[in-house]
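**Student:** A structural model of the following input is requested.
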Amino acid sequence: MARRYGGKYSPQDGGPPPQGYPGVAPGRALPMGAPPPHPLARRTGWLLVAAIPFLGQAFGGGPEALVRGIGAFALIGGGVWLLREGLRAEAAWMARKVARRPAIPRKIFGSVVFGAGLALGAQAPEMGLAGAIVVGAVGAALSLAAFGPDPMKDKGMEGIDGFQQDRVARAVAEGEKHLTEMRDAIRRAQDPLLSARVERFAATAQDLFRAVEEDPGDLASARRYMGVYLMGARDATVKFADLWTATRDAKARSDYEALLTDLEGNFTARTQSLIAGGREGLEIEIDVLRDRLAREGVVTPKLPDPTKEPSAGQ
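**Tutor:** I've put the predicted structure just below:
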């Protein structure tokens, strides 16, 4: 019996997802560069399924019942969409060490719209307007309790200049746009191996994005990578996809993969350089603080080096 090949480096087998991503079962593949799914994202579909009876009530009861049934289903569908988008934004917020709160509280708005749909669908002569409002309020409250509110504060941005953070956000958005265009271009080649190769490079580039987000002062040294170099990679991907679709030139494919390898190595080196620079800056701050304390007559204890093994007599 034929068996599909899979392994650590096979693009069909993504391996276990990174630790700390909630809602991803162990061993389940997670697309490179994609935000982790929210553990409650799948539950939103059941809300839409539960609203199907409103469509059944819309037919056979006259124009008023038609408008009420279809309107209720449409409002509930809109609420479910807002809840799903809010969960996706919260998952991205949870996955990053440094993140701004969502600009729009989609989960809260989604719960309100969901409650409005329930109120419209429940409005019947025997229940009255007051009863429908109660049903809608209870539905909105239960939805908010089930899915929780949106993140209401920024994370990891204490002491960070807001203007500098905005510059980083614009640079990251520009880089993400180039990566999306690379994915769209290579998809035309209709080759899963090439798509997986581009995704791996995109994940490397996004590691650089995260490093700059955590330390906005590194933007000056990384801006070329997030703008000019990614723009060049996008243009090369577009030209390669057109050539590969027309000719299936193996030499062009080899050159393109070598280009991605070189870019990946450079992006990785730049990310490691930024991390090392941050560690060096921390050591300088510690030394300066110790010198100031020493001048004030305060003696600071010498911390042990965690990289050295303690001696037998200690």
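**Student:** can I see the domain layout of this structure?
**Tutor:** 41-147, 162-295 (automatic domain parsing).
**Student:** kindly reformat those domains as CSV containing distance to residue 155, mean pLDDT and mean neighbour count.
**Tutor:** From N, CA and C alone the C-beta is placed, and that goes for glycine too. Formatted as CSV, the domains of the chain follow (distance: least, C-beta to C-beta, whole Å; pLDDT from 0 to 100; neighbours: other C-beta atoms under 10 Å):
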stretch, distance to residue 155, mean pLDDT, mean neighbour count
domain 41-147, 5, 85, 17
domain 162-295, 11, 86, 16
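**Student:** would you list these in CSV and tack on distance to residue 153?
**Tutor:** Listed next are the domains of the chain as CSV, based on distance: least, C-beta to C-beta, whole Å:
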stretch, distance to residue 153
domain 41-147, 6
domain 162-295, 14
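**Student:** what's the closest of these to residue 154?
**Tutor:** When the domains of the chain are compared by C-beta to C-beta, domain 41-147 sits nearest residue 154, at 5.1 Å.
**Student:** roughly how far is that closest one from the heart of the chain?
**Tutor:** 24 Å (C-alpha atoms, centre = their mean, to the nearest Å).
**Student:** look at it and report the distance between its end residues.
**Tutor:** 9 Å (C-alpha to C-alpha, to the nearest Å).
**Student:** switch to numbering from 488
**Tutor:** Let's use 488 as the start, then, which means that last one is domain 528-634.
**Student:** can you give me the helices in the stretch 488-637 of the chain?
**Tutor:** 531-537, 539-545, 549-582, 593-609, 615-634 (DSSP state H, counting those that start in this stretch).
**Student:** next, the angle from the fourth one to helix 549-582.
**Tutor:** Relative orientation of helix 593-609 and helix 549-582, computed by axes from the mean of the first three to the mean of the last three C-alpha atoms, to 10 degrees: 160 degrees.
**Student:** just want the angle from helix 593-609 to helix 615-634.
**Tutor:** Taking the same axes, to 10 degrees, one finds helix 593-609 and helix 615-634 inclined to each other by 150 degrees.
**Student:** is it possible to export the helices of the stretch 488-637 of the chain to TSV including distance to residue 705?
**Tutor:** Listed next are these as TSV, based on distance: least, C-beta to C-beta, whole Å:
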stretch	distance to residue 705
helix 531-537	38
helix 539-545	51
helix 549-582	20
helix 593-609	31
helix 615-634	36
